[in-house]
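In: Sequence and predicted structure, then a few things I'm wondering about:
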Amino acid sequence: MEKSIEAYSKKLNNYYDSDGKLLQYPSKRPLRIIALIKIVEQMDADRKYTEKEINEIIRSRIAFCDIELIRREMFQYKLLGRLRDGSAYWVESDWKNAYTEYIDAD
């Protein structure tokens, strides 16, 4: 799996502009996970965020408009946790363990 993750990581570079913003959300799962990890790595694991703050972080990392899609996917892939009412978000503490093979590819 390591070689394929490495290949996906290289292929993902084609999805970024010269400013390092994601141009489109990849359709393949491994590419999506790697792209989401790049975003979550910009967040402080020791703090709680408002939805507005999460949206701003995502907005700074993507060049398309679907911030909600990225936020939902980060939650679904268990990179982010949130209160049921969406009033607070945080980086899940064990996401690195769940996606070790994707992190090592970078």
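Out: Yep, it's here. Note that the structure is a prediction, hence the values are computed from the model and not measured. Numbers count the residues shown, from 1 in each chain.
In: Now do the phi/psi pair for residue 82.
Out: Here is the backbone geometry of residue 82 (degrees, to the nearest 10): phi -160, psi 160.
In: who touches it in this structure?
Out: Contact analysis of residue 82 by Cβ atoms under 8 Å, 6 or more residues apart in numbering lists 75, 88, 89, 90. For the C-beta atoms, the positions are set from N, CA and C on the backbone; glycine is no exception.
In: gap between the residue most central in space within the chain and residue 73?
Out: Centroid check for the chain by Cα atoms, centre = their mean gives residue 36 as the closest residue, at 1.7 Å. Counting by Cβ to Cβ, to the nearest Å, the gap from residue 36 to residue 73 is 6 Å.
In: ok, now how distant is residue 50 from residue 41?
Out: To residue 41, residue 50 is 20 Å away according to Cβ to Cβ.
In: Pick out whichever of the two has more residues nearby.
Out: More crowded of residue 50 and residue 41, by other Cβ atoms under 10 Å: residue 41, with 15 against 12.
In: quick one: the more buried one and residue 87, what's the gap?
Out: 24 Å.
In: before we move on, what about residue 99?
Out: Going from residue 99 to residue 87 by Cβ to Cβ gives 26 Å.
In: Neighbour count for those two, which is higher?
Out: Between residue 99 and residue 87, residue 99 has the larger neighbour count (other Cβ under 10 Å), namely 20 against 10.
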